[in-house]
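In: After the sequence you'll find the predicted model.
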Amino acid sequence: MKKLILSTALATLLATGAQANKVFVSNEKGNTVTVIDSETWEVLEEFPAGNRPRGITISPDGSLLYVAASDDNQVKVFDTETYEELYSLPSGPDPELFVLHPTGNPLYIANEDDNLVTVTDTESRTVLAEVPVGVEPEGMGISPDAKFVVNTSETTNMAHFISTEDYKIKHNVLVDQRPRFAQYTKDGTILFVTSEIGGTVSVMDIAEDGTPELTTKIDFEVPGVLPEWLQPVGLRVTSDDKWAFVALGPANRVAVIDVEAREVVKYIIVGQRVWQLAFTPDEQYLITTNGNSNDVTVIDVAEQEAIRSVQVGQQPWGVVVQPD
């Protein structure tokens, strides 16, 4: 009888496929978070998330959702099953983007209005440090070994490399105008920094000790699209370090970069004003937030093609997918 039950359960699992993951989308103008099923691509829920929710991430175990409520000067924390707001974390003024330590603690937060990176303990809910950086900090990235956090300052046009050991800046690298996002490859040997107004992605080689060297700048060109519309913002790299996908803002496209060649190989048409990106855990799909069309686009990663759009709340900004 036990064998029969196990066989039936296995057959059911194979028939239905793996459990779907929840996709969480922050809606900047709607003041909500939309929840999407990653298997059916149906909207499951939309719940209040504070005033002007932007940056969004999730705990390593998938149980807690962190949302930067920028106009509330807080990071709000929600239960990913019930969507109940559990508590808030001190964040400094106007939190925009943040990055979570791989262990789930601490949280490194960019404070756009105060020129600081705030380091917040997610367990004690206290501020561990405030790191002065350049003017209008936004992008936040963390090295795979978690030894460095990278902040990009929009007006200073720099990437600041902050040691996670003593919270001091060890390196500053000048990039193009209005840097928005920083993303390492999984092996930690390359860092990409997008520059929205400069229209480029800066590529840095990273030494074993974490020292960066700017080696390449990648430009974008799309027939029929004005150069000033090609505004790189969000960026994600596949875990095999072969492909980098770049959101190009009002160009309504995602660029595909061959990481080894460091050149663009394709452009994928998505929704209007594409902003941030997130992979599903198996990297079968890439989800983009499209602020002006109030939807997300689902991209088949292997085929590098957009396969569907899903309407969400008003002006979607950030996106994160619950881990397995």
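Out: Sure thing, it's come through.
In: So what's the residue count around residue 108?
Out: The local packing of residue 108 (other CB atoms under 10 Å) involves 25 other residues. The way it works is simple: take the backbone N, C-alpha and C, and place the C-beta from them, glycine included.
In: burial measure for residue 171, as a count.
Out: When counting by other CB under 10 Å, one arrives at 17 neighbours for residue 171.
In: got it, and residue 218?
Out: Residue 218, neighbours per other CB under 10 Å, totals 19.
In: Return the per-residue confidence for it.
Out: At residue 218, the pLDDT value in this model is 98.
In: List the residues that contact it.
Out: By CB atoms under 8 Å, 6 or more residues apart in numbering, residue 218 lies in contact with 200-201, 203, 257, 262-264.
In: Next: residue 22.
Out: Here residue 22 is in contact with 35-38, 44, 80, 321-322 (CB under 8 Å, 6+ apart).
In: follow-up on the earlier one: would CSV of the contacts of residue 218 with pLDDT, distance to residue 75 and secondary structure be doable?
Out: Compiled in CSV, those are given as follows (pLDDT from 0 to 100; distance: CB to CB, whole Å; DSSP: H, G, I helix; E, B strand; the rest coil):
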residue, pLDDT, distance to residue 75, secondary structure
200, 98, 30, strand
201, 98, 28, strand
203, 98, 30, strand
257, 98, 31, strand
262, 97, 35, coil
263, 97, 37, strand
264, 98, 35, strand
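In: Highest neighbour count among those residues?
Out: residue 201 (27 neighbours).
In: Dig out what that residue forms beta bridges with.
Out: residue 194, residue 218 (DSSP bridges).
In: quick one: residue 280 and residue 299 touch, right?
Out: No: here residue 280 does not reach residue 299: they are 10.4 Å apart, not a contact under CB atoms under 8 Å.
In: Could you pull out the residues contacting both of these two?
Out: 286-287.
In: Which one's more surrounded, the two?
Out: For residue 280 and residue 299, the more surrounded residue by other CB under 10 Å is residue 299, and the numbers stand at 24 against 20.
In: how about the strands in the stretch 101-250 of the chain?
Out: 107-111, 116-121, 126-132, 137-142, 148-153, 158-163, 169-174, 179-184, 190-195, 200-206, 212-218, 235-237, 243-247 (DSSP state E, counting those that start in this stretch).
In: will you turn those strands into JSON lines that also has distance to residue 89?
Out: As requested, the strands of the stretch 101-250 of the chain are exported to JSON lines (distance: least, CB to CB, whole Å):
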{"stretch": "strand 107-111", "distance to residue 89": "7"}
{"stretch": "strand 116-121", "distance to residue 89": "5"}
{"stretch": "strand 126-132", "distance to residue 89": "9"}
{"stretch": "strand 137-142", "distance to residue 89": "15"}
{"stretch": "strand 148-153", "distance to residue 89": "17"}
{"stretch": "strand 158-163", "distance to residue 89": "19"}
{"stretch": "strand 169-174", "distance to residue 89": "23"}
{"stretch": "strand 179-184", "distance to residue 89": "22"}
{"stretch": "strand 190-195", "distance to residue 89": "26"}
{"stretch": "strand 200-206", "distance to residue 89": "29"}
{"stretch": "strand 212-218", "distance to residue 89": "29"}
{"stretch": "strand 235-237", "distance to residue 89": "25"}
{"stretch": "strand 243-247", "distance to residue 89": "27"}
